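Trainee: give the three-dimensional model of this entry:
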Amino acid sequence: MPSLTRTGRTTEPRRTLSPPRRLVAAVAAGTLLNPLNSSMIAVALALITREFGIGVSDASWLISGFYIAAAIAQPLMGRLADRFGARRVFSAGLVIVGLTGLLAPFVPGFGWLVVLRAAQAAGTSAAFPAGLALIRASTSDPRGHAPAAALGAVSVASSASAALGPVIGGFLVAAAGWPAIFVVNVPVTAAGLALALRWIPPDAPWDDRMEGGAKTVLRDLDPAGVALFAIALVGLLGFLLSLSGSPAYALVPVAVAAGALLIVREWRTEAPFLDVRMLASNRRLDWVYAQFAAVNVVFYSVFFSLPLWLERAHGFGSEQAGLMMLPMAGIGVFVTPLAARIAGRFGSRPALVVGATALLAGSLLLLVFRPSTPVPAILAVGAVLGVPNGFNNLGLQTALYEAAPGEAMGAASGLFQTFRYVGAILSTSLLGVLFGQRVDTSGLHQIAVVISVISALLVVASLGFGKTPARHHSG
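Mentor: Below you'll find the model as predicted:
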């Protein structure tokens, strides 16, 4: 968690119980870019492998590299937003994404495309932490409740773009080849930038942000802490990604050593990038991060394994399997407004309980799947698994808003997203270990058992969530 000291001040807009709708619309437009770009790439991998003459394992770096870069960039962008202004960082992220879209069709080799995907991941990582910081700065609720409707709009934008990403990507690739999934970002980011400049309140003057001079600013950004965080995270995620093949055990001591040095250094640093002292005292925020990682392990385990099982064990084509995943991906969009109303009235706990319970029910239902299971039954289970998407995402975003220090909302939100990527990558490792080289019903059932256990633990954690204190003073 980035430091709570010397973070600078944002020009204070008029604070109300709910943020302005225009601001929420601009933030939502920016946040859809990350899930959209992380999901569209799936339909372009086949063409990319043929054009660059590479294998599927090499092409997978376009996915893994995006996840790793985003996991590091999210808290960094949040820290930059807290220090230099959320509007500036939000807009800069859009510019970076637009530039990657312009350059992608002209890359001379596959390695350059991987570099552009990493830059794209960094750019798309700015919107969520900066956006939540903007929403927090524009609202003030004496009851301490989060603006659930605003968070719901952001959640719907993210869920919808993730669900529609493969569909949109499929049309773009069919019409103009793989470069189209990059080029489409140019008009989208241009529109987002126009909305941001028009509807988002300006930050404090640049001179105010640079108070204390370049040395003070550099010290506040804590580049050594950022480097140790990146090394520890790359080592951890690289090891997790290798578990499905030949485990890279050499990365374990690298991750452990960098993590230990990071904790020791940040504990002693006056302006740490990762505020370990605050994390040690804010147990509620720690639980939010842990639950978000666990939720994403379950979600991505199903989201990746079920299409493979439908194709390999059930005999469906890839297009049919993709369509059968729509209930899981789409139901969350429709239940999010209901989750927002519940969270807005009662807080995050009821939404988390509903989400965890539905996740457990859907995970257990996977145990009844057989190659002969009729399509309506598969779609029904997919719909059950779609319900927790809306409740868990909205509930955990609300819990984050309630638990995080207001003056470090950008950094807290960025670290929140890092745990999403840790969960996603852990799920791919789980699939590799349980499925191996063979995708069959027994492997699906093993995955169902593991995620059912995780879901049961989430139910217990969500029932006790409201009793976990958050020991901090919100700004």
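Trainee: where does pLDDT dip in the stretch 151-300 of the chain?
Mentor: Applying pLDDT under 70 to the stretch 151-300 of the chain flags residues 207-214.
Trainee: go again with 80.
Mentor: 162-164, 166-167, 206-220, 244-245 (pLDDT under 80).
Trainee: can you pull out the helices in it?
Mentor: For the stretch 151-300 of the chain, the helices defined by DSSP state H, counting those that start in this stretch cover 180-183, 185-199, 206-209, 213-221, 223-242, 251-268, 276-281, 283-312.
Trainee: start and end of stretch 21-39, how far apart?
Mentor: Distance across stretch 21-39, first residue to last, is 27 Å (C-alpha to C-alpha, to the nearest Å).
Trainee: give me the most central residue, this protein.
Mentor: Using C-alpha atoms, centre = their mean, the residue of the chain that lies closest to the mean C-alpha position is Q417, 4.1 Å off.
Trainee: do you know how far that residue is from T357?
Mentor: Using C-beta to C-beta, to the nearest Å, Q417 is found at 25 Å from T357. Glycine gets a C-beta too; all of them are placed from N, C-alpha and C.
Trainee: ok, G152 next?
Mentor: Counting by C-beta to C-beta, the gap from G152 to T357 is 20 Å.
Trainee: okay, these two: which has more neighbours?
Mentor: It is G152, of G152 and T357, that has more neighbours when counted by other C-beta atoms under 10 Å, with 25 against 19.
Trainee: the more buried one contacts L394, correct?
Mentor: Yes. In this structure, G152 is within contact of L394 by C-beta atoms under 8 Å, at 5.6 Å.
Trainee: I figured the residue nearest to the centre of the chain hits A73, correct?
Mentor: No. Using C-beta under 8 Å, Q417 is not in contact with A73, being 9.1 Å away.
Trainee: common neighbours of these two, please.
Mentor: Residues touching both Q417 and A73 (C-beta atoms under 8 Å, 6 or more residues apart in numbering) are S125.
Trainee: re the thing from before, relative to A130, which of the helices of the stretch 151-300 of the chain is closest?
Mentor: Comparison of these against A130 by C-beta to C-beta identifies helix 185-199 as nearest, at 9.6 Å.
Trainee: please identify the buried residues of the closest one?
Mentor: For helix 185-199, the neighbour count (16 or more other C-beta atoms under 10 Å) marks N185, V186, V188, T189, G192, L193, L195, A196, W199 as buried.
Trainee: so what touches it?
Mentor: Residues contacting helix 185-199 (C-beta under 8 Å, 6+ apart): 20, 22-23, 25-26, 29-30, 33, 37, 87, 90-91, 94-95, 97-98, 100-102, 120.
Trainee: which among the buried residues of helix 185-199 gets closest to L444?
Mentor: Among the buried residues of helix 185-199, and counting by C-beta to C-beta, the member closest to L444 is N185, at 35.0 Å.
Trainee: how close does the closest one get to Y289?
Mentor: Taking C-beta to C-beta, one finds N185 at 29 Å from Y289.
Trainee: likewise P223?
Mentor: Counting by C-beta to C-beta, the gap from P223 to Y289 is 24 Å.
Trainee: who's more crowded, the two?
Mentor: Y289 (21 against 10).
Trainee: hmm, that one is touching L415, no?
Mentor: Yes. Counting by C-beta under 8 Å, L415 is a contact partner of Y289 at 6.8 Å.
Trainee: now stretch 418-435: buried residues?
Mentor: For stretch 418-435, by 16+ other C-beta under 10 Å, it's 418-432, 434-435.
Trainee: what residues does it touch?
Mentor: By C-beta under 8 Å, 6+ apart, stretch 418-435 touches 64, 67-68, 70-72, 74-75, 233, 236-237, 240-241, 243-245, 289-290, 292-301, 304-305, 308, 443, 446-447, 450.
Trainee: gap between the closest residue to S244 other than its chain neighbours and A380?
Mentor: Nearest residue to S244, sequence neighbours excluded (C-beta to C-beta, 6 or more residues apart in numbering): G432, at 2.0 Å. As for G432, its distance to A380 is 28 Å (criterion: C-beta to C-beta).
Trainee: in which helix or strand would I find V460?
Mentor: helix 441-463 (DSSP states H and E).
Trainee: quick check: angle from that helix to helix 283-312?
Mentor: 160 degrees (axes from the mean of the first three to the mean of the last three C-alpha atoms, to 10 degrees).
Trainee: and helix 441-463, how far out from the chain middle?
Mentor: Its chain's C-alpha centre and that of helix 441-463 lie 21 Å apart, by C-alpha atoms, centre = their mean, to the nearest Å.
Trainee: please renumber the chain so that the first residue is 17 from this point on.
Mentor: OK, 17 is where the count begins now, so the last one is helix 457-479.
Trainee: only the buried residues of it, if you could.
Mentor: So for helix 457-479, counting by 16+ other C-beta under 10 Å, buried means 457, 459-464, 466-468, 470-472, 474-475, 477-478.
Trainee: that older thread, quickly list what's touching both of G168 and L410.
Mentor: In contact with both G168 and L410: T352, A355, A356, A359, using C-beta under 8 Å, 6+ apart.
Trainee: now do the contacts for the third one.
Mentor: Put plainly, it is A356. A164, A165, L167, G168, S171, L410.
Trainee: and it, what element?
Mentor: Per DSSP H and E: helix 342-362 holds A356.
Trainee: so after that helix, what's the next helix or strand?
Mentor: Next along the chain after helix 342-362, taking DSSP H and E as the criterion, comes helix 364-381.
Trainee: quick one: average pLDDT of that following helix?
Mentor: If you average the pLDDT over helix 364-381, you get 94.
Trainee: ok and that helix relative to helix 342-362, angle-wise?
Mentor: 160 degrees.
Trainee: got the buried residues for the very next helix or strand once past helix 364-381?
Mentor: Next along the chain after helix 364-381, taking DSSP H and E as the criterion, comes helix 391-419. Within helix 391-419, the residues scored as buried using 16+ other C-beta under 10 Å are 394, 397-398, 400-419.
Trainee: cool, stretch 56-70 as well?
Mentor: Buried residues in stretch 56-70, defined by neighbour count with 16+ other C-beta under 10 Å: M56, I57, A58, V59, A60, L61, I64, T65, I70.
Trainee: which non-adjacent residue is nearest the first one?
Mentor: If the residues on either side of it in the chain are set aside, M56 comes closest to G185, at 3.4 Å by C-beta to C-beta, 6+ apart.
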